[in-house]
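Student: I would like to see how this sequence folds:
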Amino acid sequence: VAAVIKTTMLTKFESKSARVKGLAFHPVRPWICASLHNGVIQLWDYRVGTVIDRFEEHDGPVRGVDFHLHEPLIVTGGDDYKIKVWDYKLSRCLFTLL
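Tutor: Numbering: from 1, shown residues only. Sure, this is the predicted structure:
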């Protein structure tokens, strides 16, 4: 007996951008953070399907991204050998680890 699994796409996000290298869901808000091959980080609201912010300070692909569980912070790591900590309320990079 074979099991049939039915999948349904809830939302399709489309944007003219480079390839996605990493994704993270916000622990509470309806947000997804996407790190891209072109060095950009996009913050999406998946309820309405729009980009609500962009962060651009990496030189090259950004391979990792994650949200802090309690603070308004995003951490990213890229091929530029840098780890950056971003404050999404202030829309800026707070500091860079080399």
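
Student: from what I can see residue 77 touches residue 61, true?
Tutor: No: assessed by CB atoms under 8 Å, residue 77 is found out of contact with residue 61, at 10.1 Å. Just so you know, the C-beta spots here come from the backbone N, C-alpha and C atoms, and that holds for glycine as well.

Student: residue 43: how many residues sit nearby?
Tutor: Here the number of neighbours of residue 43 (other CB atoms under 10 Å) works out to 23.

Student: how far out from the middle of the chain is stretch 27-41?
Tutor: Mean-position distance between stretch 27-41 and its chain equals 1 Å (CA atoms, centre = their mean, to the nearest Å).

Student: compute the first-to-last residue distance for it.
Tutor: 18 Å (CA to CA, to the nearest Å).

Student: how near is residue 24 to residue 42?
Tutor: To residue 42, residue 24 is 11 Å away according to CB to CB, to the nearest Å.

Student: joint contacts of those two?
Tutor: residue 33 (CB atoms under 8 Å, 6 or more residues apart in numbering).

Student: ok, residue 66 touching residue 83?
Tutor: No: if you go by CB under 8 Å, residue 66 and residue 83 don't touch, sitting 10.9 Å apart.

Student: what sits in contact with each of the two?
Tutor: Counting by CB under 8 Å, 6+ apart, the contacts common to residue 66 and residue 83 are residue 75.

Student: mind telling me what element residue 77 is part of?
Tutor: Element membership of residue 77 [criterion: DSSP states H and E] is strand 73-78.

Student: could you dump that strand to CSV, C-alpha only?
Tutor: Output of strand 73-78 as CSV, limited to C-alpha atoms (Å, rounded to 0.1, in the frame of the first residue of the first chain):
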residue,chain,number,x,y,z
LEU,A,73,18.4,41.2,15.9
ILE,A,74,19.4,39.3,12.8
VAL,A,75,22.8,37.6,12.4
THR,A,76,24.3,36.9,9.0
GLY,A,77,27.5,35.2,7.7
GLY,A,78,28.9,35.6,4.2
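
Student: okay, residue 98: pLDDT?
Tutor: Looking at residue 98, its pLDDT reads 87.

Student: for residue 32, see how far away it is.
Tutor: As defined by CB to CB, residue 98 lies at a distance of 28 Å from residue 32.
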